[in-house]
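**Q** My questions are about this predicted structure, shown below with the sequence.
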Amino acid sequence: MQPKLNRLLRALAREGLEVTYDGRLYSVRLQADANAPPAEVLLPPDLPVEGKAFQQLAHLAALRHPSGGEVLRVRATPDFHPGDSGVAIGSVLHTRGLVVPGAVGTDINCGMRLHVADLSVDDFLARRDAFVERMKGHYFFGTRDVAMSSRASTALLRDGIPGWLLETLDAPLGCARAADLKQLDAEVERIHLGGVLRGNPDWAPEALTREGVVRDAGLATIGGGNHFVEVQRVEAVEDRARAWAWGVREGQLAFMIHSGSRDVGKHVGVAWKDRARKAWPQGAPFPDSGILPLADETLVSQYLEAEATAANYAFLNRLLLAELLRQTLRELFGDVEAPLVYDVPHNITLPHEGGFLARKGACPAAAEQPVIIPGSMGATSFLMVGCGDARALESASHGAGRARSRFSLARAGADQSEAALGLKGVDCISLREERRVEEAPAAYKPIRPVVDSQVEAGIVREVARLSPLLTFKA
Ligand SMILES: Nc1nc2c(ncn2[C@@H]2O[C@H](COP(=O)(O)O)[C@@H](O)[C@H]2O)c(=O)[nH]1
Ligand SMILES: [Mn+2]
Ligand SMILES: [Mn+2]
């Protein structure tokens, strides 16, 4: 065993974790809790890991509620790294009789959306500057028009994209032309879960359902940090039959969108963190991790409804980010279609085998399902297909995963040269200069071993590779 790995295992043991590693899969448990199910992490030996992420995962597996319910299994994907709110990114949690709002967090239904367009890179680059200026207007300067009626907004929060479409087809309100809405209708089946979870507008900020026209709750905005909209080229196709069926061909332009539920997710996530604390049985000690499950049946179903409400909002947020892009393509390049390949959430709780599966930064990877795995703004991204691997809880990584913190990259004295940050040739469009540094390719793990380890484990298969041309970061 490598000395570095030995050191890590010894350090984890000193911190109270029981850890084994077979060169592929870690098994982690709190020494103090032999009854908790061991959490598994799929991680090749050459990828960086932080002890803190193992701590967070072991605590997640050891969660219990005094009134009952249980954690059945915990698994983590190879993009696994520590999370800011106590739950490691890449965690997948299978429970029965309880749900854990913190295991999804506040960016409910953060997810990836992929479109392709029959436009050559040369034609696109010839008008790159005009494209960038228009998209900056849409994404950064709020010149967009995404107002919608409170009726449409209420329908969205309750019935997702199909509900929103039904209302909007009657009264488009400038956010999409009637012809575009027909296309959106045809594309609903390429949104995970058909773009709908059963929500309830009462859980959303009040301004969204008040009579009149809703103008802003972060709708059609990318959001900060590692969220992005990226123009890519379909570099290579590995599975030609499947790519063909999904409308993907080598040489096409692609558009990848990474964003979530903006103000609505925050509203729901923060409110339920508070509720979980208030609902914790009096006198019972709080878990060391500070992560609180809900076990009361009514609270569980109310939380899931609130989460669904925010998830519906996120589906529309990504859809509108894509609509602004398609509109701009048409303005600049004529009748270019940019059909949807797939839209998939990676922060969400869904029913699973009589219980619940909460993913925080993990992509659903059921058999035959498209899986989107971005690398970084300087690395390859992947379109994969899921294999439905039960051991991996039908989940794949949702990216490469952070290897270095924003702080370590941006701190005074850090080498911020293009070469050190991997920024050579990267076209990053942002109003904040610090984003280029914080989000540089060097911030992320190498994507190849992340993807290969999952192919070898039978979790996903490769369909196509996408290389970045330019990336919008807010
Ligand atoms: N293709 C790009 N991928 C990127 C970029 N910035 C981040 N990333 C990848 O996305 C995931 C997102 O992680 P999340 O935890 O915020 O959901 C991350 O692990 C990176 O691999 C980018 O600009 N382009
Ligand atoms: Mn997010
Ligand atoms: Mn995300």
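**A** Noted; the coordinates are in hand. Ligands and ions are numbered 1, 2, ... in the order given.

**Q** use CA for all of it now, contacts and neighbours both
**A** Will do.

**Q** Confidence-wise, which helix or strand of the protein is lowest on average?
**A** For the chain, scoring each helix and strand by mean pLDDT, DSSP states H and E identifies strand 213-214 as the least confident one, at a mean of 76.

**Q** strand partners of it, parallel vs antiparallel please.
**A** Each strand paired with strand 213-214, and its direction, by DSSP bridges: strand 148-149 (antiparallel).

**Q** Bridged to the residue nearest to E230 when sequence neighbours are not counted, which residues?
**A** Nearest residue to E230 in three dimensions, chain neighbours excluded: T471, at 4.2 Å (CA to CA, 6 or more residues apart in numbering). T471 has these beta-bridge partners by DSSP bridges: E230, C428.

**Q** show me the contacts for R151.
**A** Counting by CA atoms under 8 Å, 6 or more residues apart in numbering, R151 makes contact with E167, T209, E211.

**Q** Let me see the contact set for the second one.
**A** Spelled out, it's T209. T209 touches S150, R151, S153, T154, P201, counting by CA under 8 Å, 6+ apart.

**Q** Next, give phi and psi for it.
**A** The phi/psi pair for T209 (degrees, to the nearest 10) reads phi -120, psi 0.

**Q** and it, how far is that from A155?
**A** 9 Å (CA to CA, to the nearest Å).

**Q** What separation is there between the residue nearest to E230 and A365?
**A** Counting by CA to CA - T471 and A365 are separated by 26 Å.

**Q** Those two: which is more packed in?
**A** A365 (26 against 23; other CA atoms under 10 Å).

**Q** so what's that one closest to, chain neighbours aside?
**A** Closest residue to A365 apart from its sequence neighbours, by CA to CA, 6+ apart: G386 at 4.2 Å.

**Q** what is that neighbour paired to in the beta sheet?
**A** V460.

**Q** Would you check that it makes contact with I372?
**A** No - here G386 does not reach I372: they are 9.8 Å apart, not a contact under CA atoms under 8 Å.

**Q** Pick out whichever of these two has more residues nearby.
**A** I372 (30 against 24).

**Q** what is the mean pLDDT for the helix or strand hosting that one?
**A** I372 is part of strand 370-373, with elements assigned from DSSP states H and E. When pLDDT is averaged over strand 370-373, the result is 99.

**Q** Let me know whether that strand sits next to ligand 1.
**A** No - residues of strand 370-373 contacting ligand 1 under CA under 6 Å from any ligand atom: none, with a closest distance of 7.2 Å.

**Q** circling back: ok, the contacts of T209 vs N109, which is closest?
**A** Nearest to N109 among those, counting by CA to CA, is P201 at 16.3 Å.

**Q** Look at the closest one and say how many residues are nearby.
**A** 21.

**Q** That one and A152 touch, don't they?
**A** No - using CA under 8 Å, P201 makes no contact with A152, being 11.2 Å away.

**Q** related to what we said a few turns ago, for the residue nearest to E230, what are its contacts?
**A** F228, V229, E230, V231, M377, D427, C428, I429.

**Q** tell me the phi and psi of the first one?
**A** Read that as F228. The phi/psi pair for F228 (degrees, to the nearest 10) reads phi -160, psi 160.

**Q** L253 is in contact with L119, isn't it?
**A** Yes - counting by CA under 8 Å, L253 does reach L119; the two are 5.9 Å apart.

**Q** Neighbour count for the two, which is higher?
**A** Applying other CA under 10 Å to L253 and L119 shows that L253 carries more neighbours, namely 25 against 18.

**Q** Kindly state the beta-bridge partners for that one.
**A** Bridge pairing for L253 - DSSP bridges - gives A117, R233.

**Q** For it, give me the pLDDT.
**A** So L253 comes in at 98 (pLDDT).

**Q** What separation is there between it and E230?
**A** For L253 relative to E230 (CA to CA), the value is 10 Å.

**Q** Tell me which stretches of the protein form helices.
**A** Along the chain, the segments classed as helices by DSSP state H run 3-14, 51-61, 121-126, 128-140, 150-170, 178-187, 240-245, 262-279, 297-333, 406-410, 418-421, 433-438, 447-456.

**Q** Can you tell me which of the ones you listed is packed in deepest?
**A** helix 51-61 (a mean of 25; mean count of other CA atoms under 10 Å).

**Q** from what I can see G355 touches R96, true?
**A** Yes - G355 lies in contact with R96 (CA under 8 Å); the separation is 4.4 Å.

**Q** still on that earlier bit, as TSV, the contacts of T209 with pLDDT would be great.
**A** TSV is the format used below for these (pLDDT from 0 to 100):
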residue	pLDDT
S150	88
R151	90
S153	92
T154	95
P201	97
